[in-house]
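Chemist: Generate a structure from the sequence data that follows.
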Amino acid sequence: MNRTLTIGQAREVSIPTLDQITDPTDADSSMDELTPYRQLGPEAILQAVEATGRRCDGRLFALNSFENRVYQVGLEDEPPVVVKFYRPARWSDAAIREEHAFSRALEELEIPVVAPLADDEGETLLHHGPYRYTLYPRVGGRPPDVENGEQLRQLGGILGRIHDLGEVRPFVHRPTLTVAEAKAARETLLVGPWIPAGQRESYQAVAADLIQAMAVIESEAANHARGGDLPQADDDDWDEAWDDPAPAPASAASRPATPTEVPDGRRDFIRLHGDFHAGNLLWDGSAFRIVDLDDCAMGPAVQDLWLLPAGDEGERARQWGFLLEGYSRFRSFDSRELKQVEMLRSLRMVRYMGWIARRWDDPAFPRAFPWFTEPLTWERHVAALREQLTLLQPAAPAWNY
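Modeler: I've put the predicted structure just below:
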């Protein structure tokens, strides 16, 4: 059966169902790694939402996302929902469920995270054909004003509370932020065709030097963090931390007998939002809602702080002051972590270019990043990496907020 849909502001169109496109029983075998969303047409999206017992009204709006596919879907007699389809093969089911459990635990503590919706059995990770997906309530808002001290205090306080829960136990299935990710990104770029010949040698050299400088700072931070015993929580604390508001089904990873050790003995590594930038923060005029924990990971607390301050040195120092003022109302902050800010910025810069390269065979990426293979892009990137290398040298002035 065909159905009539309204897609964005486009005219109504008649779309064939997923059954008419491909045999659902053969969906897994027909997945194409280079075009992972080929089968995800409008009808398949609405079928997935309606499989949860909701009735769609035909309104479907694509939201900004490259790694996953995210849509706002209109419903009959209730507010719209947001549905996120996960990129195949990126995360394991256990990693996604761990993200969901963290989000819902934060929500239970009345921390303003937009957590996934659970079905009647408490499941948040759903399946439709070859795709895994999740539903979220739709929330509105605008990005924060980083020049507004009160907004920054609020965000600092929210992060302090997130990190209080984040240190209770480690992630088991999520990634850890380390310089190894920069090494992997550099290798990806150097074996591919993206860097023009005129910039290839320069990129190879400066990226190697930058990664070496990053590794020195990472090693120094690790040495500070390894001093003393790991903080231990009593049994009641661990039981509370494992009380997931959306009970995991039998197929999910089971609880380990003892808490997992922090990676490499890093006492400063905690569970993080991981991508706490302005685009993931929604201000409604009085309060914030925090979205998109898709990149949640283990790492130092400062990773969730450094993405917000912007402007010149004086403006950033002022913004850091407001953030840490709010943060310290709920949790102490080790100022030694500020020495990792430029290292983490360098890591993000190198990883970003590697991420585009790894996704280049997805047709959405060349369309979205047509500048990626242009010589000027790489001239500027090499120059930016050289600037970061200067900032990571021991003679560079240390930040003091």
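
Chemist: element containing the residue nearest to the spatial centre of the chain, please.
Modeler: The centre of the chain sits closest to D295, judged by CA atoms, centre = their mean, with a distance of 2.4 Å. In this assignment (DSSP states H and E), D295 forms part of neither any helix nor any strand.

Chemist: Now it. Its backbone dihedrals?
Modeler: Note on D295: its backbone torsions stand at phi -110, psi 20 [degrees, to the nearest 10].

Chemist: Report the separation between it and D304.
Modeler: Applying CB to CB, to the nearest Å, one obtains 11 Å for the distance of D295 from D304. All C-beta spots, glycine's among them, are computed from the backbone N, C-alpha and C.

Chemist: now do W320
Modeler: For W320, the distance to D304 equals 13 Å [CB to CB].

Chemist: out of these two, which sits in the busier spot?
Modeler: When W320 and D304 are compared on other CB atoms under 10 Å, the one with more neighbours turns out to be D304, at 26 against 21.

Chemist: Nearest spatial neighbour of that one, chain-adjacent residues omitted?
Modeler: Distances taken as CB to CB, 6 or more residues apart in numbering place F276 nearest to D304, at 4.3 Å, with adjacent residues excluded.

Chemist: For the one you found, give me its contacts.
Modeler: By CB atoms under 8 Å, 6 or more residues apart in numbering, F276 lies in contact with 159, 290, 303-305, 307-308.

Chemist: Identify, from those residues, the entry nearest to V382.
Modeler: Taking CB to CB as the measure, V382 lies nearest L307 of these, at 22.9 Å.

Chemist: other SSEs contacting the longest helix belonging to the chain?
Modeler: The longest helix of the chain (DSSP state H) is helix 197-225. Packing contacts for helix 197-225, counted by 3 or more CB pairs under 8 Å, 6 or more residues apart in numbering; DSSP states H and E, involve helix 180-191, helix 341-358, helix 375-392.

Chemist: wait, which of the ones you listed is closest to Q151?
Modeler: Checking the helices and strands packed on helix 197-225 against Q151 by CB to CB gives helix 341-358 as the closest, at 20.6 Å.

Chemist: Buried residues, that closest one. List them.
Modeler: Of the residues in helix 341-358, those scored as buried under the neighbour-count criterion (16 or more other CB atoms under 10 Å) are 341-351, 353-357.

Chemist: Would you mind giving both backbone torsions of D275?
Modeler: According to degrees, to the nearest 10, D275 has phi -140, psi 50.

Chemist: when you give positions from now on, start the count at 51
Modeler: Yes, from this point I'll number from 51; that puts the last item at D325.

Chemist: what sits against the residue lying closest to it once chain neighbours are set aside?
Modeler: Leaving aside its sequence neighbours, D325 sits nearest to D345 (CB to CB, 6+ apart; 4.1 Å). Neighbouring residues of D345 by CB under 8 Å, 6+ apart: 323-325.

Chemist: switch to 10 Å and redo it
Modeler: 117, 149, 224-225, 227, 322-326, 330 (CB atoms under 10 Å, 6 or more residues apart in numbering).

Chemist: quick revisit: list just the nearest of the contacts of F326 to P92.
Modeler: Closest to P92 out of those is I340 (29.0 Å), distances taken as CB to CB.

Chemist: Now for the residue lying closest to the closest one once chain neighbours are set aside, how many residues are close by?
Modeler: Distances taken as CB to CB, 6+ apart place V163 nearest to I340, at 4.7 Å, with adjacent residues excluded. The local packing of V163 (other CB under 10 Å) involves 23 other residues.
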